[in-house]
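Participant: A structural model of the following input is requested.
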Amino acid sequence: MAKSEQPLYLTVKEEILRIIKEEKLKPGDSLPTEAELEERFNVSRTTIRTAINELKNEGYVIKQQGSGTFVANNSYEECVAVLQSFAEDALKHGQEVESIVLGLELIIPNQELLQLLEIDEEVLLKLQRVRYIDQEPVNLTTSYLPKIVYEKLDWRHIDFEKSVLYEEMRTAGIDLEFGEEILEVSAADELQASLLKVEKGSPLFNNKRKVYNRTGQLVEYSTTFTRGDKYRGYVKLKKRIN
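Facilitator: Take a look at the predicted model:
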């Protein structure tokens, strides 16, 4: 294992993630034992356990007393402190991402939507997709893009079933500086249940997100309904700095 300036347990953690990705381990598959990892990386048992605990706390693995460590059964983990898209986050974890576009059209927003977005727009671009990870539906996302965005996008010719919206926006010269997100829990209605392959009334996480550019203009408002059994949020906390 190559030397690094970062703490040794973090390097080991990254190596274990690499093992999961390169060996294409699936949820429920077991990791090498602590003794095997200790020998493989030539580090102490304490370092191995610290790395595994980090992975457990971040939702990558689960530990079962007397059985070992296994890849966690979480299709989608979002680091909610980082401004990134569903696809960017999933691809970072080596997962296969697909989308089905349910609708892509210019709409006249109602007053409720305008108040929610805190903007005065005559027309918005509405993009609605079902997002899949490893060929299984995970969430239903609806994005609303104002004029300053959709006029720069060649949206009629973009294949949104394969492309990443935030990458398309950046390529078009639209900066994504900061955002805010509200997370709520709701029950799947009949349409959501049908699209996400769950029973009606199943728990869904509803993320309402606003994204702004450097000048504070809204560039996207989105609502995302994610299956409760396929979502894990992760926020890393640091001590307060006085």
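Participant: okay, and for the chain, where does confidence drop off?
Facilitator: Low-confidence segments of the chain, defined by pLDDT under 70: 1-5, 73-95, 232-242.
Participant: now the helices: where do they sit in it?
Facilitator: Secondary structure of the chain (DSSP state H): helices located at 8-22, 34-41, 45-57, 86-92, 111-117, 147-150, 165-171, 190-196.
Participant: Including distance to Ile100 and mean neighbour count, could these go into TSV?
Facilitator: Where you see a C-beta, it was placed from the backbone N, CA and C, and this is true even at glycine. Listed next are the helices of the chain as TSV, based on distance: least, CB to CB, whole Å; neighbours: other CB atoms under 10 Å:
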stretch	distance to Ile100	mean neighbour count
helix 8-22	26	17
helix 34-41	40	15
helix 45-57	32	17
helix 86-92	13	18
helix 111-117	23	12
helix 147-150	21	18
helix 165-171	14	17
helix 190-196	9	15
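Participant: And those helices: which comes nearest Thr215?
Facilitator: Among the helices of the chain, the nearest to Thr215 by CB to CB is helix 147-150 (10.1 Å).
Participant: which residues sit against the closest one?
Facilitator: Leu106, Glu121, Val123, Leu124, Leu125, Met169, Ala172, Ile174, Gln217, Val219, Glu220 (CB atoms under 8 Å, 6 or more residues apart in numbering).
Participant: Any quick ChimeraX command for the buried ones out of those residues?
Facilitator: If you want just the buried ones from those in ChimeraX, going by 16 or more other CB atoms under 10 Å, the selection is:
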select :121,124,125,169,174,219,220
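Participant: how about the contacts of helix 147-150, which pair is most distant?
Facilitator: Leu106 and Gln217 (19.0 Å).
Participant: What residues sit buried inside stretch 169-186?
Facilitator: Here stretch 169-186 shows Met169, Ile174, Leu176, Gly179, Glu181 as buried, counting by 16+ other CB under 10 Å.
Participant: which residues does the fourth one contact?
Facilitator: Pointing back at Gly179 there. Contact criterion CB under 8 Å, 6+ apart gives Leu83, Arg209, Lys210, Val211, Tyr212 as the residues in contact with Gly179.
Participant: Enumerate the beta-bridge partners assigned to it.
Facilitator: Bridge pairing for Gly179 (DSSP bridges) gives the partners Val211.
Participant: re earlier: out of the helices of the chain, nearest to Ile158?
Facilitator: The closest of these to Ile158 is helix 165-171. By CB to CB, the value is 5.8 Å.
Participant: so what does that closest one touch, helix or strand wise?
Facilitator: Counting contacts by 3 or more CB pairs under 8 Å, 6 or more residues apart in numbering; DSSP states H and E, helix 165-171 packs against helix 86-92, strand 218-227.
Participant: Please repeat the previous calculation with a cut-off of 6 Å.
Facilitator: Under the contact definition 3 or more CB pairs under 6 Å, 6 or more residues apart in numbering; DSSP states H and E, helix 165-171 sits against no other helix or strand.
Participant: hang on, the earlier thing: can the buried residues of stretch 169-186 go into a markdown table with extra columns for distance to Pro137?
Facilitator: Shown next, in a markdown table, are those (distance: CB to CB, whole Å):
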| residue | distance to Pro137 |
| --- | --- |
| Met169 | 24 |
| Ile174 | 28 |
| Leu176 | 26 |
| Gly179 | 24 |
| Glu181 | 21 |
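Participant: Can you say which two of these are spatially most distant?
Facilitator: Ile174 and Glu181 (18.7 Å).
Participant: sorry, back to before: closest one of the buried residues of stretch 169-186 to Ala51?
Facilitator: Proximity of those to Ala51 (CB to CB) peaks at Glu181, which lies at 29.3 Å.
Participant: okay if I get the contacts of Gly179 as a markdown table plus neighbour count?
Facilitator: Compiled in a markdown table, these are given as follows (neighbours: other CB atoms under 10 Å):
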| residue | neighbour count |
| --- | --- |
| Leu83 | 17 |
| Arg209 | 19 |
| Lys210 | 18 |
| Val211 | 23 |
| Tyr212 | 17 |
